[in-house]
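Q: what's the 3D shape of this:
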Amino acid sequence: MKVSKLMDPKGILLYANIDNAADALGILVELQEGIGVITNGTAYYNAVCQRETFGGTTAIGEGIALPHAVNAGVSAPGISALTLRRGVDWGAPDGRPVDLLFMIAVPPDEDGLHLQILARLVNLLGRNTLVDALRHASSPTRFLELLQKVENACFGD
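A: Coordinates of the predicted model:
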């Protein structure tokens, strides 16, 4: 399972001017709705917010967050991505503001896939050169190409 195959350039927004986590989550949900992954944006948004509030932050450090939830409002597995012009407080363990986000949406019957996607993204985003390149991508298509290139190099085609 390749995380890059769960993404679409239409589900990627670069250099957004957002100054809080709630708005960032809302944009990520809208991106997922736009590519047909989420059928009930309100239910999914509420599930992600509940996960952030009661499950602990999804910030993993180094300015990266991976908001996610398994919810009936999701029709198919998918990932949206967002980069921010200025980082926002996400309660990260290292205290760093978040400016690179990947939202993982998975239907309830695919909970195992949810954990596989999280593990794969954490592995890929542990590569500083990739993270830096994603933060400076010139377009959503280029963002996805960069991710695909590193994923293919690390995990095969």
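
Q: Now the residue nearest the centre of the chain: phi and psi?
A: When CA atoms, centre = their mean is applied to the chain, the residue found nearest the centroid is residue 102 (1.0 Å). Backbone geometry at residue 102, expressed as degrees, to the nearest 10, gives phi -130, psi 120.

Q: Quick one: residues contacting it.
A: Contact partners of residue 102, counting by CB atoms under 8 Å, 6 or more residues apart in numbering, are 64-67, 79-81, 121, 125. (Each C-beta comes from the backbone N, C-alpha and C, glycine too.)

Q: Now render those as JSON lines, adding pLDDT and distance to residue 15.
A: Putting these into JSON lines (pLDDT from 0 to 100; distance: CB to CB, whole Å) gives the following:
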{"residue": "64", "pLDDT": "98", "distance to residue 15": "16"}
{"residue": "65", "pLDDT": "97", "distance to residue 15": "17"}
{"residue": "66", "pLDDT": "97", "distance to residue 15": "19"}
{"residue": "67", "pLDDT": "96", "distance to residue 15": "19"}
{"residue": "79", "pLDDT": "97", "distance to residue 15": "19"}
{"residue": "80", "pLDDT": "97", "distance to residue 15": "15"}
{"residue": "81", "pLDDT": "98", "distance to residue 15": "12"}
{"residue": "121", "pLDDT": "96", "distance to residue 15": "21"}
{"residue": "125", "pLDDT": "97", "distance to residue 15": "18"}
